[in-house]
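Q: Fold the following and give me the result.
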Amino acid sequence: MFAKTVGVVEVDEAKQLVKIAKPVGVVASLVPTTVPMGVVFIGAMNAIMGRNATVFSPHPRAKKSTMLACEDIRKLLVNMGYPADLVVCIEEPSLEKTNSLMQQADLIVATGGKPMVKAAYSSGTPAFGVGAGNVVVVIDETADFRDAANKIMTAQLNDYAIGCSTENAMVIQQDVYQEMMKECVESGAYICNEEEKAKMQEFLWKAPGKLNPDAICLPAPVMAEKAGFKIPEDRQWIIVEESGYGPQYPFSGEKLSVIVTAYKYDTFDHAIELVNGIQAYSGAGHSCGIHSFNDEHIMEYAMRTHTSRVAVRMTVGTSNAGNWNNGMPFTINLGCGTWGGNITSENVTWKNYINTTWVAREIPNYTVPTDEELFGNIPDEKIFEGLI
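A: Numbering: from 1, shown residues only. Below is the predicted model of the structure:
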């Protein structure tokens with residue numbers, strides 16, 4: 001499907017409205033270490049579709065990857081007859097340079113953790129910030145357990161689970177818990193015992209709430225070895241079992257690694273309580289998933305969870321930002337709404353990289369609705385007795 005992104009993009013004859021799309025100008029894109037190239041390709045595409053230029057500010061740990069992506073796009077632009085400087089990258093990033101960029105840009109798109117998003121919102125420049133992920137998936141008694149296990153495994157192997165949309169926890173109906181865990185093991189999972197769980201916790205978090213950067217984005221056997229224990233070489237992801245959430249239960253947070261935390265639930269109300277509690281601690285408003293064939297459960301889950309996206313019987317990590325198997329808008333930036341402290345709960349796309357001008361003409365032969373059509377029986381004098 002094609003979309004017009006500049007000039008006249010919408011005409012509504014009935015309402016006599018014309019919408020014109022215009023560039024915002026220079027976009028400052030703050031790039032995290034977890035997606036150092038994807039943010040560049042998608043961000044540049046969205047910006048260019050609105051005739052904008054972008055200056056990318058990479059994370060110091062991933063500056064070479066971000067620079068490489070920018071150079072590829074610059075070469076492509078030149079080959080297509082466009083100015084290379086529609087895409088620019090800060091070669092030696094620093095906090096001072098990033099702050100200066102945010103002050104001078106026309107729009108900021110900040111991808112990363114809370115400190116980065118807070119800085120963008122505090123800059124005085126209009127900003128789209130996206131929050132941290134900590135995707136929780138519910139597996140109810142109607143699920144296809146093998147399919148669910150394989151899809152969770154697929155998410156772990158996608159960039160070794162470093163993406164914000166990767167499944168981080170699964171909440172399983174207690175009567176089918178063992179069956180689901182068996183399928184997880186069949187798919188390549190290793191279930192930690194309590195001693196191994198303690199070692200992994202010490203390795204992942206050198207300080208409370210702060211992930212060890214040397215512990216993320218690793219194959220499961222390597223991660224286990226670095227944590228101080230061995231697992232079979234054919235194990236592709238790791239499960240730790242948990243019952244609580246919050247600072248006292250660090251595995252309830254985002255892990256950026258091939259580790260999934262497993263919970264049991266009894267009633268579906270309990271499942272929703274667990275999901276909201278886990279994501280209130282980490283990943284508020286981002287995304288969750290459900291493996292179920294019970295439409296009532298699916299809709300209740302969507303209505304009552306504090307989330308911007310619900311993936312149904314899909315790998316959340318590969319569906320959230322758009323894919324050929326679903327209708328989600330293609331992006332790399334996922335808003336978390338007010339739950340996550342963001343201005344939007346939508347997938348940030350080219351539509352967020354433009355200004356719009358409305359041209360409004362008078363509707364011919366327009367009519368004014370009567371009070372009865374507008375308010376029904378509300379303008380009843382008895383309702384207002386004593387209020388005037």
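
Q: which residues touch the helix or strand bottoming out on mean pLDDT in the chain?
A: For the chain, counting by mean pLDDT, DSSP states H and E, helix 114-121 ranks last in confidence among helices and strands (a mean of 83). With contacts defined as CB atoms under 8 Å, 6 or more residues apart in numbering, helix 114-121 is touched by 30, 32, 98-99, 102, 108, 110, 127, 129-132, 341-342. The way it works is simple: take the backbone N, C-alpha and C, and place the C-beta from them, glycine included.

Q: Sitting in helices, which of the residues you listed do you find?
A: In helices, defined here by DSSP state H, the members of the contacts of helix 114-121 are T98, N99, M102.

Q: ok, those residues vs I231, which is closest?
A: Distances from I231 to the ones in helices among the contacts of helix 114-121, taken as CB to CB, are shortest for T98 (39.6 Å).

Q: and the nearest residue to that closest one once chain neighbours are set aside, how many neighbours does it have?
A: Closest residue to T98 apart from its sequence neighbours, by CB to CB, 6 or more residues apart in numbering: S57 at 4.6 Å. Counted with other CB atoms under 10 Å, the neighbours of S57 add up to 25.

Q: contacting residues around S57?
A: A28, S29, L30, V31, I90, P93, K97, T98, L101.

Q: For ChimeraX, write the select line for the buried members of these.
A: Selecting the buried subset of those in ChimeraX, with 16 or more other CB atoms under 10 Å as the burial test, is done by:
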select :28,29,30,31,90,93,98,101
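
Q: In a markdown table: the contacts of S57, plus pLDDT and distance to F330.
A: Formatted as a markdown table, these follow (pLDDT from 0 to 100; distance: CB to CB, whole Å):
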| residue | pLDDT | distance to F330 |
| --- | --- | --- |
| A28 | 97 | 22 |
| S29 | 96 | 17 |
| L30 | 94 | 20 |
| V31 | 94 | 18 |
| I90 | 97 | 26 |
| P93 | 93 | 27 |
| K97 | 95 | 30 |
| T98 | 94 | 27 |
| L101 | 96 | 26 |
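
Q: quick one: stretch 248-265 to chain centroid distance?
A: 17 Å (CA atoms, centre = their mean, to the nearest Å).

Q: and which of the ones in helices among the contacts of helix 114-121 is nearest to E242?
A: Taking CB to CB as the measure, E242 sits nearest to T98 out of these, at 36.1 Å.

Q: if I look at the closest one, how far off is V55?
A: 10 Å (CB to CB, to the nearest Å).

Q: Between these two, which contacts overlap?
A: Counting by CB under 8 Å, 6+ apart, the shared contacts of T98 and V55 are I90.

Q: Name whatever forms a beta bridge with V55.
A: Note on V55: beta-bridge partners by DSSP bridges are A28, V88.

Q: Return the residues in contact with it.
A: Shown in contact with V55 (CB under 8 Å, 6+ apart): V26, V27, A28, S29, V88, C89, I90, L101, A105.

Q: could you measure the fourth one against S345, distance?
A: With distances taken as CB to CB, S29 is found 20 Å from S345.

Q: Please apply the same query to the first one.
A: The spacing between V26 and S345, counted by CB to CB, is 26 Å.

Q: Break down the stretch 51-200 of the chain into its strands, ranges please.
A: 53-57, 87-89, 107-111, 127-130, 135-139, 167-173, 189-191 (DSSP state E, counting those that start in this stretch).

Q: likewise the stretch 201-350 of the chain?
A: 205-207, 210-211, 237-241, 259-265, 288-291, 310-312, 333-334, 347-348.

Q: Highest mean neighbour count out of these?
A: Comparing the strands of the stretch 201-350 of the chain by mean neighbour count (mean count of other CB atoms under 10 Å), strand 288-291 ranks first with a mean of 28.

Q: Neighbouring strands - and their directions - for it?
A: Strand pairing for strand 288-291, using DSSP bridges, gives strand 135-139 (parallel), strand 310-312 (parallel).

Q: list the contacts for E183?
A: F145, R146, A148, A149, N150.

Q: The closest residue in space to it that isn't next to it in sequence - how many residues pack around it?
A: Computed as CB to CB, 6+ apart, the closest residue to E183 that is not its neighbour in sequence is A149, at 3.9 Å. Other residues near A149 number 26, with proximity taken as other CB under 10 Å.

Q: can you check V88 too?
A: Residues lying near V88 (other CB under 10 Å) number 15.

Q: and of the strands paired with strand 288-291, who's closest to S187?
A: strand 135-139 (13.0 Å).

Q: Just the buried ones from the contacts of E183, in ChimeraX syntax?
A: Entered in ChimeraX, the line below selects the buried ones among the contacts of E183, by 16+ other CB under 10 Å:
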select :145,148,149,150
